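A.B. asks: predicted model and sequence follow; I will ask about them next.
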Amino acid sequence: MIFMAQRPLDVLNRALGSSVLVGLKGGREFRGKLSGFDMHINLVLEETDELQGHEAVKRYGTMVIRGDSVIFISPAE
Amino acid sequence: MIFMAQRPLDVLNRALGSSVLVGLKGGREFRGKLSGFDMHINLVLEETDELQGHEAVKRYGTMVIRGDSVIFISPAE
Amino acid sequence: MIFMAQRPLDVLNRALGSSVLVGLKGGREFRGKLSGFDMHINLVLEETDELQGHEAVKRYGTMVIRGDSVIFISPAE
Amino acid sequence: MIFMAQRPLDVLNRALGSSVLVGLKGGREFRGKLSGFDMHINLVLEETDELQGHEAVKRYGTMVIRGDSVIFISPAE
Amino acid sequence: MIFMAQRPLDVLNRALGSSVLVGLKGGREFRGKLSGFDMHINLVLEETDELQGHEAVKRYGTMVIRGDSVIFISPAE
Amino acid sequence: MIFMAQRPLDVLNRALGSSVLVGLKGGREFRGKLSGFDMHINLVLEETDELQGHEAVKRYGTMVIRGDSVIFISPAE
Amino acid sequence: MIFMAQRPLDVLNRALGSSVLVGLKGGREFRGKLSGFDMHINLVLEETDELQGHEAVKRYGTMVIRGDSVIFISPAE
């Protein structure tokens, strides 16, 4: 099998230091600066805001998110 | 056992660079260009739209989707 | 332990090329021609229809279904 | 530890060829002739009926059930 | 680490041949004679009754219960 | 990485023989004397009461709880 | 792959001895002093309060939380 493709963890690696949107199981969404992750897709965000729709409703600062709860990660463009 | 068959990951490999529809647990659906995946069926989509019915309701750009949340991937034809 | 029995993956192997009904967690059902699978019971269907009751409500074409979402696979007879 | 006991898979082995009732997560129940299983408790049933209460509401024929969805298997007596 | 303690599987072992109450995810409860188990806490019960409150509402006979569905097992005293 | 810290299983070990409160997925709570556990955080409680709010609503005696169902364990102080 | 980044477990390590907010699946939130964790992100909190919104509604003392239930951990700043 040839992967003419970018691997999921490479995309996360390129997003380090940038703002990402993270969607969780159950529908909660957080936006913050991706400052770390591991192979389980556990994430570290800085300056994290919880979003409802497009609005920030709570500020958390640093946050470790367990990969098991993550549905998607979308880097800001 | 003889697999007279195409393997699931081979189907994803052939879909690289094409538009795919991705159905998630809980019912959310995304459409985007498949630009990568790994053996856990973690996916990378580009120009990703979230769909409700046949309508695009939100544009995300690049998105990493955890395989654990995926129900199905259907390549456009 | 003697298995006087057919193994689950053998049943899938014999169903290759035939129409199967696939029931998913959460209640969605798809019917399509089984064209591949792997040991995780990830499936490849062709000419896939989503069913509600006995009615096809949406046509998807090729579809990769993650085994983790599958409740049952029933070959047409 | 001494198991003065019958192992779960041995009970399934003795039930091969007999009618079993299978209860799934979410509450669906199927009855059919157990014609195979594997160590993940993936099951093969023949002449499978879906039950609601004591009534058969749908006939499926051969069915592969993923062990992950199974709550219990009860052999007919 | 010193376990001045009884191990969970030892408790099940001592309960073999005795009546146990089994609580499942989703709230169903069964009572029966524990006649076997394995290290995944898959269970074999005999003369199994499904309970609602303190009342037996259905008799199942022999039942194999997948450990993955089990919340607790409580031996009768 | 230096763990200037107590490990979760050490805390359980110190709680052996003492009363603990156990919170389960789905919201049920049990209180009993912790008499054993294993590395999967399967637990053995003695003189177990099910609680609703602060009130004991049912007495179970010995209970094996599968770690997979456990959210938290809090030793009495 | 180069991780120009802090690893999730390192963030937890630096938070030892400090107050953290822990969000669980199902929405419950606890605040306490992080006094230990392991690689499964099982946590030990001291002086743990359950929160509803910003209000402490119940005091638990020491609490072991299974990592499997954790969505996020956010150190106080």
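C.D. replies: Arrived safely, thanks for sending.

A.B. asks: run the chain-centre distance for stretch A:35-44.
C.D. replies: 8 Å (CA atoms, centre = their mean, to the nearest Å).

A.B. asks: establish whether that stretch and chain F are in contact.
C.D. replies: No: against chain F, stretch A:35-44 shows no contacts by CB under 8 Å from any CB of the partner chain, the least distance being 12.5 Å. (Each C-beta comes from the backbone N, C-alpha and C, glycine too.)

A.B. asks: which residue, other than its chain neighbours, is closest to A:Gln6?
C.D. replies: What sits nearest to A:Gln6 in space, not counting adjacent residues and going by CB to CB, 6 or more residues apart in numbering or on different chains, is B:Gly36, at 4.1 Å.

A.B. asks: ignore what I typed, I meant A:Arg28.
C.D. replies: The shortest distance from A:Arg28 to any non-neighbouring residue, by CB to CB, 6+ apart, is to A:Glu50 (6.6 Å).

A.B. asks: could you do A:Val20 as well?
C.D. replies: A:Leu34 (4.7 Å).

A.B. asks: got the contact list for that neighbour?
C.D. replies: Applying CB atoms under 8 Å, 6 or more residues apart in numbering or on different chains to A:Leu34 gives the contacts A:12, A:15-20, A:43-45, A:73, A:75, G:5.

A.B. asks: please repeat the previous calculation with a cut-off of 6 Å.
C.D. replies: Contacts for A:Leu34 (CB atoms under 6 Å, 6 or more residues apart in numbering or on different chains) come out as A:15-16, A:20.

A.B. asks: could you do A:Arg66 as well?
C.D. replies: So A:Arg66 contacts A:42, G:70 (CB under 6 Å, 6+ apart).

A.B. asks: ok, A:Glu46 next?
C.D. replies: Going by CB under 6 Å, 6+ apart, A:Glu46 touches A:32-33, A:35, A:62.

A.B. asks: confidence score at whichever residue of chain A sits closest to chain D?
C.D. replies: Of all residues in chain A, the one sitting closest to chain D is A:Asp68 (16.4 Å; CB to the nearest CB). As predicted, A:Asp68 sits at a pLDDT of 94.

A.B. asks: A helix includes it, no?
C.D. replies: Yes: A:Asp68 forms part of a helix when assessed by DSSP: H, G, I helix; E, B strand; the rest coil.

A.B. asks: ok, back up a step: could you export the contacts of A:Leu34 as CSV, including pLDDT and secondary structure?
C.D. replies: Converted to CSV, the contacts of A:Leu34 look like this (pLDDT from 0 to 100; DSSP: H, G, I helix; E, B strand; the rest coil):
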residue, pLDDT, secondary structure
A:Ala15, 96, helix
A:Leu16, 95, coil
A:Val20, 98, strand
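
A.B. asks: most neighbours of all those, which one?
C.D. replies: Counting neighbours by other CB atoms under 10 Å in any protein chain shown, A:Val20 leads these with 22 neighbours.

A.B. asks: that one reaches A:Pro75, doesn't it?
C.D. replies: Yes: between A:Val20 and A:Pro75 there is a contact at 5.1 Å, judged by CB atoms under 6 Å.

A.B. asks: can you give me the helices for chain A?
C.D. replies: A:8-15 (DSSP state H).
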